[in-house]
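Peer 1: sequence first, then the predicted structure:
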Amino acid sequence: MAIRKIQDDFIYVGGSDKREPTFENFFTTPEGMAYNSYLVLDEKTVLFDSVDRSVSKIFFNNLKKALNGRKLDYLVITHMEPDHSDSIEDLLLRYPDVTIVLNALSLKMLNKFTGKDMKDRAMLVNPKTEFSSGKHSYKFINAPFVHWPEVMFVYDNYSKVLFSADAFGSFRANTGNIFDDEIVLDEAYYLEQRRYYGNIIGKFGVQVLQVLNAIKDLDIDIVCPLHGVIWRSHFDEILKRYKLWAAFQPECTDIVIIYNTIYNHTSDLCFELASMLAERGVKNIKMYDVSKTNVSYLVSEVLRAENIVLAATTYNAGLYPGMKNFLQDIAALNIKNRNVALIENGTWGPISGKYITEILSKMKNMNIINTPITIESQYKPEKNEAAFYDLVDKLVDLYNK
Ligand code: FEO
């Protein structure tokens, strides 16, 4: 995409990719991915972060156009993950006089990624550093583990702009519209925002709450993340969601059914359960087959909804790989504060409920609401109906609370 003006002396020079199928070579990106970069044209010129190699060509074209013949004086690095740093060596070749503004830990990482000692190119900063490019002066705010340990936010005192690194970012290409008030912030948008947060930053809720506290008294007009849209009209809305997500609090009492199935017997019983819930007035029931769903969507759904049903077949005397992977992932991401119902299936030796219980019991405040219902091969009303009715009663109460 072309450059866009944010303010008179403040230009968007990033780029979007819709070709790569994944982010971090894992998270599917059907809506593409934006890699944002920002240029301040002050007495000195200051670039805030570079971009992933997938968009480096458009980025360098944008940067050259925005500089309009001026030299680049500073590159500020808010963190060193390669989706924002992979173009730095190329940048240094094109703009050999640039000074790299970064913290001490970022410099160590820069040296590791480039295989060179970059200290002679660097200006080290910390929260006590006073840095100015002319009219604009900048405050550095440590934001460790939002998302990598060296992350810092930068606040521009003159423009009242917060450069927020990965925070408030999203999966999704910027299709020309780079501002939050140029798109519809509907559930499709928030799905990608939540999916990004949950999978990329979600593990570090404590640290996110700390940095939200650190910025709470800043007078902020514009928030510029490294992915997704620029927040200038609806920052309060995403801030409200961040406070919930960081505290691992659900957005709603919706019921999400996550299952694995081999020959459709387990999925059939999940449809049976969903129908029973719907008959009792439960709306917006979601069902996901772990084999058909990138785990990032499951993480997002567990972040959104309070009530989760897990239905799992027994497989090789343990858990089916997709179910095991999902559970290990949400445990690693520190998901907590959810109600979980369990159903296990097995033609012989059903034991998946025991293994799921073991994983959930090591997580914080995961409330298992039933003794796992055991299905042998398939749902049989004469044998399973009573347990299902009891489970439906419990889920309906939790949904309506
Ligand atoms: Fe978008 Fe942590 O990098």
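Peer 2: Cool, got the structure. Remember, predicted model here, so these are calculated numbers, not experimental data. Numbering: from 1, shown residues only.
Peer 1: partner strands of the helix or strand hosting residue 154 and their direction?
Peer 2: For residue 154, the element it lies in under DSSP states H and E is strand 152-156. When sheet partners are counted by DSSP bridges, strand 152-156 sits next to strand 137-142 (antiparallel), strand 161-163 (antiparallel).
Peer 1: what residues does this protein have near the ligand?
Peer 2: 79, 81, 83, 84, 147, 148, 166, 226, 227 (CB under 6 Å from any ligand atom). Quick note: C-beta positions are derived from backbone N, CA and C, even for glycine.
Peer 1: quick check, the residue in the stretch 301-401 of the chain closest to the ligand?
Peer 2: At 15.1 Å from the ligand, residue 333 is the closest residue in the stretch 301-401 of the chain, using CB to the nearest ligand atom.
Peer 1: can you name the residue of this protein nearest the ligand?
Peer 2: residue 81 (3.6 Å).
Peer 1: surely that residue and residue 149 touch.
Peer 2: No - using CB atoms under 8 Å, residue 81 makes no contact with residue 149, being 10.8 Å away.
Peer 1: tell me which of the two has more neighbours.
Peer 2: residue 81 (20 against 16; other CB atoms under 10 Å).
Peer 1: quick one, what contacts the residue nearest to that one when sequence neighbours are not counted?
Peer 2: Residue nearest to residue 81 in three dimensions, not counting chain neighbours: residue 148, with 5.5 Å by CB to CB, 6 or more residues apart in numbering. Contacts for residue 148 (CB atoms under 8 Å, 6 or more residues apart in numbering) come out as 79, 80, 81.
Peer 1: now do the same for residue 148: helix, strand or coil?
Peer 2: Classification of residue 148 using DSSP: H, G, I helix; E, B strand; the rest coil returns coil.
Peer 1: show the pLDDT at it.
Peer 2: The confidence metric pLDDT takes the value 97 at residue 148.
Peer 1: with adjacent residues omitted, what lies nearest to residue 118?
Peer 2: Nearest non-adjacent residue to residue 118 (CB to CB, 6+ apart): residue 110, at 5.1 Å.
Peer 1: residues contacting that neighbour?
Peer 2: 77, 80, 85, 88, 100, 102, 118, 122.
Peer 1: what packs against the biggest strand by length in the chain?
Peer 2: Longest strand of the chain, by residue count under DSSP state E: strand 305-315. On a contact count with 3 or more CB pairs under 8 Å, 6 or more residues apart in numbering; DSSP states H and E, strand 305-315 meets strand 252-259, helix 265-279, helix 321-332, strand 338-345, helix 352-361, helix 381-400.
Peer 1: just those: most buried one?
Peer 2: Looking across those with neighbours counted as mean count of other CB atoms under 10 Å, the highest average goes to strand 338-345: a mean of 24.
Peer 1: between that one and strand 305-315, how many degrees?
Peer 2: Counting by axes from the mean of the first three to the mean of the last three CA atoms, to 10 degrees, strand 338-345 points 20 degrees away from the direction of strand 305-315.
Peer 1: quick one: strands adjacent to strand 338-345?
Peer 2: Looking at strand 338-345 with DSSP bridges, its partner strands are strand 305-315 (parallel), strand 366-368 (parallel), strand 373-375 (parallel).
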